[in-house]
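Peer 1: Pasting the sequence and the predicted coordinates here, then a few questions.
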Amino acid sequence: MQVTAMDVYRLLPKSNCGKCNEASCMAFATKLIEKELTLDDCPQLSGDERQELEELLAPAVKEISFGPENRKVTIGGDQVLYRYELTYYNPTALVIDLPDDLPEDEFMGRAEDIQTLSFERTGETLTLDGIALRNKSGSPEKFAEAAERLGGMGYPLLLCSFNPEAMEAALRVVGDQRPIIYAATEENLDEMAELALKYECPVVLFAPGDLEGMKRLSWKLRSMGVADIILDPGTFTGEGIGDTIDNFVMIRRLAVEERDADFRFPILGVPALSRLSGEGDAVEENIREATVAATLMNRYADILILGGTEIWELMPLLTLRQGLYTDPRKPQTVDPGVYEFGEVDEDSPVILTTNFSLTYYTVEGDLKSGDVTAYLLVLDTEGRAVDVSLAGGQLNGPAVADLIKDTGIEERVKNKVLIIPGLVAPASGEIEDDTGWRVLVGPRDSSGIPDFLEKLASE
C-alpha cells in the first residue's frame, strides 16, 4: 500500500511552525513523500511519533550501500512495482566480473578499463559501478592478493566465493571498504553471517530457484542480526529465463504488496552466466548477456554482474538504466537561456529550441559536429519536446518574446533574425508578431542546421 501525504501528516506536530522552511506541516508531509526532505528537517519530531514515521516512510525495499565512502554505491529503496506510480530510486548497479587467476598485468589492465569506462548522454556521464572479484583460483591467498590490489584503487567491490576461508582472507585486507560478500548459501550460512557481522558488510543470500528456501534462510540471517541482505534467486539463462523473471517479480511483489520482511531486500542477477553455454562466438555471447541484463533490469534487478566490457554491449544497458531511473513525473531539463557555440559575434545566427534535455543535447551535438557558430536560445517548456510544447501551448509567441527580453540577446546581435525548428512552422507568424523579429523556419531535424546555415550565408 502506497503511503500518502495524509498518512504522514497525521503523525506530524501540525503546528505549522515553519522551522522546516515549508509553509505548513501538510507541505512538509508532501516533501517527505517525494523524498525531497527528511525527518531530520523537522526539529519538533521525537519519540514515538518519529519512530512511527520512520517505519511508515521506510521503503518497501531496504536501501543498502557498499564501497568506500567516497565511491559509495546505494541500491534498493524502491517503493512501488510500477514506475509510473511514483518513480524508481537508486539505479541498478552494474559490476563487472574479474577472476583472480589472471596474470597481474592483464588483471590490473582489465580493472583499470572497468573503472575508467564512461560516456556522456544528455549531459550525464554514465559509468560502471564496481568490480566482482571472483575466486576462480580457489586459493584464499590469491583471492586476498587480488583483493588487496583492487583495494588500492578504492573501487566498490563484490567478493565472490562460497569458501568462508577465502572470503575472510579477502576481508582482512578490504573489509574496511564495505565490499559485498557473495554469497551465503544453505551450506555456509553461519560462517558468512559471522563475517558479515564482523566486518559490517552486506551479504548476498544465494538460493537458486527456491523461494521457500530463500525465505527460511533470510529469516535465519535476520534472526542472527544481519540487516543488510541482498537476494540472489539464481539467474537461469536460455530456456530458464522465464523462471528467472518469475522469481524476480515474485520477490518484488512480496516486498511491495505483502511487505514480507524476508524479501524486502535488493535483488541481484548474474547475466554473466549466459556466457557459460559455450555456444556461439564472443559477439553472440555479448549480445546474449546484454539481452539477459536488459530483461532483468526491467524486472527489478538492483545489481547485475556482467562479464563483457565491450562498449557497444554496455552502452545500451547504461542508456536503458538512465531512462528507467528518471522520474516520469519530472521531465529532464536544462536551464533556459542563451548558449554560445563557437566564436559568436553580432552577426552570428540565433536558433531556438526547448529545454527538454534530450532535445537540447541532440541540438548541441549537431551544432558541435557541424562546427556551427551561433547563439542557441533555450525556451522553458517545462521539459517538453518541440512538437509537444507547440501542441501544449508552452512554445508560443509571448513566451519567445519574454525569452528574448530576459536573455538580452537583442543587444548582442545586429540582425533580429530568429531561426525556429521546422516543427514550429505553424507558430512562425505569431512568434514574428510578438517578438518583432524576422522568423525563418529551419529544418525539422537539427542535423540539417549546418547545411541550412551554410545555404543561408550564401544567399
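Peer 2: Yes, it's here.
Peer 1: Show me where the stretch 201-350 of the chain has its helices.
Peer 2: Secondary structure of the stretch 201-350 of the chain (DSSP state H, counting those that start in this stretch): helices at 211-223, 241-256, 282-297, 311-324.
Peer 1: Nearest the geometric middle of this structure, what residue?
Peer 2: Pro91 (3.3 Å; CA atoms, centre = their mean).
Peer 1: Format the helices of the stretch 201-350 of the chain as TSV; extra columns: mean pLDDT, mean neighbour count and distance to Leu440.
Peer 2: Heads up, the C-betas are built off the backbone N, CA and C, glycines and all. TSV is the format used below for the helices of the stretch 201-350 of the chain (pLDDT from 0 to 100; neighbours: other CB atoms under 10 Å; distance: least, CB to CB, whole Å):
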stretch	mean pLDDT	mean neighbour count	distance to Leu440
helix 211-223	98	17	63
helix 241-256	96	19	52
helix 282-297	92	19	42
helix 311-324	94	16	34
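Peer 1: CSV for those, including distance to Lys19?
Peer 2: Shown next, in CSV, are the helices of the stretch 201-350 of the chain (distance: least, CB to CB, whole Å):
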stretch, distance to Lys19
helix 211-223, 37
helix 241-256, 33
helix 282-297, 41
helix 311-324, 37
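Peer 1: Which one, of those, ends up nearest to Pro43?
Peer 2: Of all the helices of the stretch 201-350 of the chain, it is helix 241-256 that lies closest to Pro43, at 32.1 Å by CB to CB.
Peer 1: still on that earlier bit, Glu187: which of the helices of the stretch 201-350 of the chain is closest?
Peer 2: So among these, helix 211-223 is nearest, using CB to CB, at 10.8 Å.
Peer 1: Distance of Leu440 relative to Asp406?
Peer 2: 22 Å (CB to CB, to the nearest Å).
Peer 1: who's more crowded, these two?
Peer 2: Using other CB atoms under 10 Å, the more surrounded residue of Leu440 and Asp406 is Leu440, with 16 against 12.
Peer 1: Mind listing residues that contact the helix or strand encompassing the more buried one?
Peer 2: Using DSSP states H and E, the element containing Leu440 is strand 438-441. For strand 438-441, the surrounding residues in contact (CB atoms under 8 Å, 6 or more residues apart in numbering) are 415-420, 422, 424-425, 428-429, 431-432, 456.
Peer 1: Can you mark which positions in the following helix or strand past that strand are buried?
Peer 2: Where DSSP H and E defines the elements, the next helix or strand beyond strand 438-441 is helix 449-458. By neighbour count on 16 or more other CB atoms under 10 Å, the buried set for helix 449-458 is Ile449, Pro450, Phe452, Leu453.
Peer 1: could you dump helix 449-458 to CSV, C-alpha only?
Peer 2: Written as CSV, here are the backbone C-alpha positions of helix 449-458 (Å, rounded to 0.1, in the frame of the first residue of the first chain):
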residue,chain,number,x,y,z
ILE,A,449,21.1,23.0,-39.3
PRO,A,450,24.8,23.2,-40.6
ASP,A,451,23.6,22.9,-44.2
PHE,A,452,20.8,25.3,-43.6
LEU,A,453,23.1,27.9,-42.2
GLU,A,454,25.6,27.4,-45.0
LYS,A,455,22.9,27.9,-47.6
LEU,A,456,21.6,30.9,-45.8
ALA,A,457,25.0,32.5,-45.7
SER,A,458,25.5,32.1,-49.4
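Peer 1: what's the distance between Ala23 and Tyr361?
Peer 2: 35 Å.
Peer 1: ok, these two, which is more surrounded?
Peer 2: Tyr361 (17 against 10).
Peer 1: Contacts only, for the more buried one.
Peer 2: So Tyr361 contacts Arg121, Thr122, Gly123, Val334 (CB under 8 Å, 6+ apart).
Peer 1: Just the ones in strands from these, please.
Peer 2: Arg121 (DSSP state E).
Peer 1: which phi and psi does the nearest residue to Pro179 once chain neighbours are set aside have?
Peer 2: Among residues not flanking Pro179 along the chain, Leu157 sits closest, at 4.0 Å (CB to CB, 6 or more residues apart in numbering). Here is the backbone geometry of Leu157 (degrees, to the nearest 10): phi -130, psi 150.
Peer 1: Alright, I will stop here.
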